[in-house]
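>>> Mind looking at a prediction? Sequence and model below.
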Amino acid sequence: MRYVAPARDSVDPAVFARMPLAGWRDFSELLEGAPWPSIDALNQRWPDGSRQRFVAQTPALLGDGLHYEQRIAECGLIATRENNWHDLLNAMIWLRYPSLKQALNRRQIDEMKQMGPKQRSRAQYAMTHFDEGGVIVALSDPSLLALWDAHDWYGLFWQRRQAWLDGSIQVELFGHALLELALNPGKLLVGKALVFHIDKSADLRSSCAAAVASGQLLHDPLELRPLPLSGLPGWHADSADEAFHRSTPCYQPRRAGRSYPPVFVQSEPEPG
């Protein structure tokens, strides 16, 4: 069944105080204000010199004959439905992660040139999955990765709970569809993760954007590890209870034969 986001005036305000939406407090006037933000209000958020602009998705705009990705690449115009949660949240992702969104756009265009308009490659599916439901994860402890790869969710989220609190493992939500699901407090969130090991001086966002732009990642959906985000401390009302981690339906066993790629290692380049 297709998910339908709640009406703006019926969203439970409590969802904005809980992760992942609590991590977007700098956009609170766009999320929590009574009226829908205008396209102009979104564009005012771009830093000076940005090429991209949001533009209302109207029949006249769509009449240009361009694919959504082409319009961004060629004109810098991001078609955005007004009064629409999915597109508003996508706009927020663009504003926070412009380099990564641009990298995905360029890669999508390259794939479209090879595949044509009616077929999609495995790489295109991988990029779409990440764009909609992606999370970026940094970790340094191999024992955490072993629990994750084994789908030992009780071990990862309960027995090693402190690792999620002390920074041993860090998560940045990128997928706008996950934010849309989070508008409903009863939803159990599962992200599709790219996992990095980076040195302490490196920036997780720029490392991910560089790896995607260079074509080192996102060639197949199977690169993405499932991560049940509702298990993270504070991401679900019941995540502080041990019983939740023994019985929640978002903790699925690993499929027979399923394996994951190694963690991507990237550090910041040496200066000069």
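Here it is on my side, so go on. Numbering: from 1, shown residues only.
>>> Could you pull up the residues touching His236?
Going by Cβ atoms under 8 Å, 6 or more residues apart in numbering, His236 touches 18, 188-189, 230, 244. Where you see a C-beta, it was placed from the backbone N, CA and C, and this is true even at glycine.
>>> helix/strand/coil for it?
coil (DSSP: H, G, I helix; E, B strand; the rest coil).
>>> And the helices in this protein, which stretches?
According to DSSP state H, the chain carries its helices in the segments 28-32, 39-43, 59-62, 68-75, 85-96, 98-115, 122-133, 142-149, 153-154, 161-165, 176-181, 204-213, 242-247.
>>> so which of those helices gets nearest Asp9?
Ranking the helices of the chain by proximity to Asp9 (Cβ to Cβ) places helix 28-32 first, at 11.2 Å.
>>> Name the residues of the closest one that are buried.
If you call a residue buried by 16 or more other Cβ atoms under 10 Å, then helix 28-32 has these buried ones: 30-31.
>>> Domain-wise, how is this protein divided?
The record, using automatic domain parsing to delimit domains, assigns the chain the ranges 12-126, 132-265.
>>> First-to-last residue distance for the shortest one?
When the termini of domain 12-126 are compared using Cα to Cα, to the nearest Å, they are 32 Å apart.
>>> Run the chain-centre distance for that domain.
12 Å (Cα atoms, centre = their mean, to the nearest Å).
>>> just stretch 171-190 next, same as before
Between the mean C-alpha point of stretch 171-190 and the mean C-alpha point of its chain there is a distance of 9 Å (Cα atoms, centre = their mean).
>>> okay, how far is it across that stretch, tip to tip?
For stretch 171-190, the separation between the terminal residues is 13 Å (Cα to Cα).
>>> Next: stretch 130-148.
OK, stretch 130-148 end separation, Cα to Cα: 18 Å.
>>> where does the closest residue to Asp12 other than its chain neighbours fall, phi/psi-wise?
For Asp12, ignoring the flanking residues on the chain, the nearest one in space by Cβ to Cβ, 6 or more residues apart in numbering is Pro185 at 5.5 Å. Pro185 has phi and psi values of phi -60, psi -20 when expressed as degrees, to the nearest 10.
>>> who's in contact with Pro185?
Residues counted as contacts of Pro185 (Cβ under 8 Å, 6+ apart) are 12, 14-15, 18, 237.
>>> same thing with Leu204?
Each residue near Leu204 by Cβ under 8 Å, 6+ apart is listed here: 136, 138, 170, 172, 196, 198.
>>> quick one: the closest residue to the first one other than its chain neighbours and Tyr154, what's the gap?
So the one you mean is Ile136. Ranked by Cβ to Cβ, 6+ apart and with sequence neighbours excluded, the top spatial neighbour of Ile136 is Glu172, at 4.5 Å. In this structure, Glu172 and Tyr154 are 24 Å apart, going by Cβ to Cβ, to the nearest Å.
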